[in-house]
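Asks: Next one to model:
(one chain, ligands or ions: 1)
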Amino acid sequence: MYIKNIKLQHYRNYHELALTFDDRINVIIGENAQGKTNLMEAIYVLGFSKSYRTSKDKELIQWEQSYAKIEGTVLKKHYQVPLEMQFSAKGKKAKLNHLEQRRLSDYIGALNLVMFAPEDLNLVKGSPQMRRRFIDMEIGQIKPVYIYHLGQYQKILKQRNHLLKELQRKKQHDLTLLSVLTEQLIEHASIIIEKRFSFLELLRQWAAPIHQGISQHKESLTINYDTTIDVLESYNKEKIKHIYETTFSQNQRKEIERGTTLFGPHRDDLLFYVNNRNVQTFGSQGQQRTTALSLKLAEIELIKAEVGEYPVLLLDDVLSELDQHRQSHLLNTIQGKVQTFISTTSVSDIKHETIEQAELFYVENGTITQQRRG
Ligand SMILES: Nc1ncnc2c1ncn2[C@@H]1O[C@H](COP(=O)(O)OP(=O)(O)OP(=O)(O)O)[C@@H](O)[C@H]1O
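Replies: Sure, this is the predicted structure:
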């Protein structure tokens, strides 16, 4: 799939903007603070209905304006999909095929994206929250119903944590509500875990050979799921549910004492091993970067295998962070098959033939001049 065009209105520092993109490589060039990342972010928001930079939608609206709008046309193999996101003080609206979607899980997935920014290089070393976000975003765009379960899970978790705090402080003594919330939490938790397990199976299949390729067969990558309960990846939803039920009932006193939910997907993590050693603890910076790159490239292939089309790739200021070998590996892999947006302060940072044919977009203070190379 690829994005044919985009129109922005009052989005960050873009007052009005209309662009037509190349179906392969688009390079967004500009000095600092001119609007490169804002454009990448707008594309991301068009796909995921929210930003990766802020959880406050109102920050996306241009200062002094009352709304922001992003429209875009996504071209798929056999049809095209018009998408639209609008933000105002009243909230956000997502339109697919010109029809407003009440549930965002009905909107997400029409435009598949893989984002690779400098922060992603810390995926291995960074917080468990980052890794959970990575896996959740991925599953969400392949199986949008996952987003629904995740949303419900988070809502119930918040209520349950609040209740556990009240029980801890003895402001509340009734345990009936706790059982009701626990039961609801388990229902969504077991679906989330089951889906994460099947996603991991796929991720491993794609990431391991890619990692071998980048490391010139010197390294092998394995990925494990680290969970708070005693569960095997071969278990189905019912079995996972049963284990959660036993764990929660055996630990009720402990949870009340601590005033928080101690088990569930919100506490799980991914562990990466290179040549059987934990790369989070023992890996060199290079190995950690190779792992992050392998995961991103695996995401691209995984989406293609599951959805039937390649996603759009966003490389936000990340190429200059990769050494020549990793940069070439990345660009060779995507060349000719994945629509890619690259943001950079200088085209000379990109040393690859693919750049010869790219569409160039020069950004200056919220305006863009387009120029085709080749
Ligand atoms: N809501 C907003 N309304 C108007 N301008 C905004 C808004 N949010 C951010 N900006 C402006 O957008 C600019 C930042 O743009 P952006 O983050 O895209 O930078 P960039 O070109 O990617 O630069 P860098 O290379 O430093 O990351 C800043 O000048 C900032 O003041």
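Asks: Put the alpha carbons of stretch 97-110 into PDB.
Replies: As requested, the backbone C-alpha atoms of stretch 97-110 are provided in PDB (Å, rounded to 0.1, in the frame of the first residue of the first chain):
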ATOM      1  CA  ASN A  97     -14.300   6.200   3.200                       C
ATOM      2  CA  HIS A  98     -15.900   9.500   4.300                       C
ATOM      3  CA  LEU A  99     -17.900   7.800   7.000                       C
ATOM      4  CA  GLU A 100     -17.200   8.600  10.700                       C
ATOM      5  CA  GLN A 101     -16.100   5.600  12.700                       C
ATOM      6  CA  ARG A 102     -17.400   5.500  16.200                       C
ATOM      7  CA  ARG A 103     -14.800   3.000  17.400                       C
ATOM      8  CA  LEU A 104     -11.200   3.800  16.600                       C
ATOM      9  CA  SER A 105     -10.500   0.100  16.300                       C
ATOM     10  CA  ASP A 106     -12.700   0.200  13.200                       C
ATOM     11  CA  TYR A 107     -10.500   2.900  11.700                       C
ATOM     12  CA  ILE A 108      -7.000   1.700  12.600                       C
ATOM     13  CA  GLY A 109      -5.500  -0.800  10.200                       C
ATOM     14  CA  ALA A 110      -6.600   0.800   7.000                       C
END
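Asks: can you give me the helices for the stretch 51-200 of the chain?
Replies: Secondary structure of the stretch 51-200 of the chain by DSSP state H, counting those that start in this stretch: the helices cover 104-107, 128-142, 145-168, 176-214.
Asks: for the shortest one, packing partners?
Replies: Identification of packing neighbours for helix 104-107 by 3 or more CB pairs under 8 Å, 6 or more residues apart in numbering; DSSP states H and E yields strand 91-96, helix 145-168. In this view, the C-beta of every residue, glycine as well, is placed from N, C-alpha and C.
Asks: ok, now how distant is the nearest residue to Leu360 once chain neighbours are set aside from Thr20?
Replies: Computed as CB to CB, 6 or more residues apart in numbering, the closest residue to Leu360 that is not its neighbour in sequence is Gln371, at 4.7 Å. Counting by CB to CB, to the nearest Å, the gap between Gln371 and Thr20 amounts to 13 Å.
Asks: Please apply the same query to Phe87.
Replies: Distance of Phe87 to Thr20, computed by CB to CB: 24 Å.
Asks: So for those two, which sits in the more crowded spot?
Replies: The residue with more neighbours, out of Phe87 and Thr20 and counting by other CB atoms under 10 Å, is Phe87; that gives 24 against 12.
Asks: quick revisit: compare the helices of the stretch 51-200 of the chain and give me the one nearest the ligand.
Replies: helix 128-142 (19.6 Å; CB to the nearest ligand atom).
Asks: Asp230 against Ile240, yeah?
Replies: No: under the criterion of CB atoms under 8 Å, Asp230 makes no contact with Ile240, lying 10.6 Å away.
Asks: So which of the helices and strands packed on helix 104-107 is the most surrounded?
Replies: With neighbours taken as mean count of other CB atoms under 10 Å, the helices and strands packed on helix 104-107 reach their highest mean count in helix 145-168, at a mean of 18.
Asks: thinking again about what came up before, report the secondary structure state of the residue nearest to Leu360.
Replies: Taking DSSP: H, G, I helix; E, B strand; the rest coil as the rule, one finds Gln371 in the strand state.
Asks: what's around it, how many residues?
Replies: Here the neighbour count serves as a burial measure; for Gln371 (other CB under 10 Å) it reads 11.
Asks: What pLDDT is listed against it?
Replies: The per-residue pLDDT reported for Gln371 equals 87.
Asks: any idea how far it lies from Glu359?
Replies: Separation of Gln371 from Glu359 (CB to CB): 8 Å.
Asks: Pull out the buried residues from the helix or strand containing Thr291.
Replies: Using DSSP states H and E, the element containing Thr291 is helix 285-307. Neighbour counts using 16 or more other CB atoms under 10 Å place 287-304 of helix 285-307 among the buried residues.
Asks: and for it, what are the contacting residues?
Replies: For helix 285-307, contacts defined as CB atoms under 8 Å, 6 or more residues apart in numbering pick out 112, 114, 116, 120-125, 134, 138, 141-142, 202-203, 206-207, 210-211, 214-215, 219, 221, 272, 274, 279-280, 283, 309-311, 313, 322, 326, 329-330, 333-334, 338.
Asks: please redo it, this time with the cut-off set to 6 Å
Replies: For helix 285-307, the surrounding residues in contact (CB atoms under 6 Å, 6 or more residues apart in numbering) are 112, 114, 116, 120-121, 123-125, 142, 202-203, 206-207, 210-211, 214-215, 272, 274, 279, 310-311, 326, 333.
Asks: same check, this time on stretch 141-154
Replies: By CB under 6 Å, 6+ apart, the surrounding residues in contact with stretch 141-154 are Ser105, Ile108, Gly109, Asn112, Asp136, Ile139, Gly140, His188, Ile191, Ile192, Lys195, Glu306.
Asks: Switch the helices and strands packed on helix 104-107 over to a markdown table; also include mean pLDDT and distance to Gln62.
Replies: Formatted as a markdown table, the entries for the helices and strands packed on helix 104-107 read as follows, by pLDDT from 0 to 100; distance: least, CB to CB, whole Å:
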| stretch | mean pLDDT | distance to Gln62 |
| --- | --- | --- |
| strand 91-96 | 97 | 15 |
| helix 145-168 | 96 | 28 |
